[in-house]
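J.: Quick one, what's the 3D model for this:
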Amino acid sequence: MNRIIADYRRNVEHLLEKLAGEEETLEKAAELIADAYKTGRTIYIFGCTHSAILAEDVFYRAGAPAFWRPLWGPGMSIATTPGVLTSAVEHSEEVGNAIVRCSRIRRDDVLLIVSTSGKNGAPVAVADAALKRGAKLILVTSSAYKDQKGNHSAVPNLHALADRAILIDNHVPCGDASIRVGAYMMGPLSTIAGSFLLHALSALAVEKIAAAGKTPPVFLSSNAPGGLEHNEKLLEDPVLQNAYLLP
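T.: The predicted structure is shown next:
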C-alpha cells in the first residue's frame, strides 16, 4: 500500500478510536437532545466554512433525524461564498451576534456548534449570544486549541464556556492536517471526526427518543424501496412542514 494512503488510514483509525472514547459525553449530549425533542424544543446546529459542511451533513439527510435545524449565516458556506471571504466572515463577532439576534432560538432550545479551533469570533459570538437567550449548548471542538485566544472581545474561545455547555472533544490536531507529503502537511481530519460524532450523536438521541415511546423522525433514502413514501409521510408533520418551508 502507498505510504501516504497507509499513513492517512492509520491516523483516521487512531482518531476514530479516540472519538469512541467520548461515549460518556456523547450519551449526555444525546440525552439533552432527546429531552428537548420530547418537550417540543428546537435543536439547532451551527458551523462556519468547513464546519458548515457538518451542519449540512445531518440536514435533510438519509439516515439522519429530521430534528436538526441549521443556523444559516451569510458568508458561512464555502459552497456559496468565495473562500477567502468565508475566512473573514467567520472571524466576525458582529455577524455571529446578528445570526442569533435574527434567529428563533429560545430558552431551553438546544444549539450544537461545530468549530475545531473554537476561537473564531463568529462561532464564539453565536455560543455566547445563545447562552444569553437561555439556550443549552453542545460544543464540538478540539482540546488542541484550548489555550489559544481568538478574536472575540470577551470570550477567549469555546473552551471558556465549558462550564455552561457539554463539550465534545473531536481530538483533531492543531492545524487539522495529519500526514506529511514532502514539505507539506495534508490529510485533514476535522470533517471525518465531525461527521462521525454528529451521526453517532444523532443515532444515540433517536434511540433515547424511541425508548421514551415516541416515534423518532428519521429520513430514509428516497432511492431505496419505500424510502420516498416514508419521507413524504414524515413531512406531513406541520412542524416539519414549517421547518422545511413547505406549502
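J.: Which residue ranges of this structure form helices?
T.: In the chain, the helices defined using DSSP state H lie at 3-20, 23-38, 52-57, 83-90, 93-101, 121-132, 190-211, 227-234, 238-243.
J.: Can you say which of those helices is packed in most?
T.: Ranked by mean neighbour count under mean count of other Cβ atoms under 10 Å, the helices of the chain are led by helix 121-132, which reaches a mean of 24. Bear in mind the C-beta positions are built from the backbone N, C-alpha and C, glycine included.
J.: nearest spatial neighbour of Asp128, skipping sequence neighbours?
T.: Distances taken as Cβ to Cβ, 6 or more residues apart in numbering place Val155 nearest to Asp128, at 5.4 Å, with adjacent residues excluded.
J.: rewinding a little: any chance of the helices of the chain in CSV, plus mean pLDDT and distance to Lys149?
T.: What follows is the helices of the chain, written out as CSV (pLDDT from 0 to 100; distance: least, Cβ to Cβ, whole Å):
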stretch, mean pLDDT, distance to Lys149
helix 3-20, 97, 25
helix 23-38, 98, 24
helix 52-57, 95, 23
helix 83-90, 90, 16
helix 93-101, 97, 13
helix 121-132, 98, 10
helix 190-211, 98, 20
helix 227-234, 96, 44
helix 238-243, 90, 36
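J.: Of all those helices, which one is nearest Ser142?
T.: With distances scored as Cβ to Cβ, the stretch of the helices of the chain nearest to Ser142 is helix 190-211 (7.8 Å).
J.: got a list of contacts for that closest one?
T.: Defining contact as Cβ atoms under 8 Å, 6 or more residues apart in numbering, one finds that helix 190-211 is touched by 12, 15-16, 19, 22, 26-27, 29-31, 33-34, 37-38, 45, 47, 50-51, 53-54, 57-58, 63-65, 67-68, 112, 114, 116, 140, 142, 168, 170-172, 176, 216, 218.
J.: re earlier: OK, contacts around the residue nearest to Asp128?
T.: Shown in contact with Val155 (Cβ under 8 Å, 6+ apart): Val124, Ala127, Asp128, Leu161.
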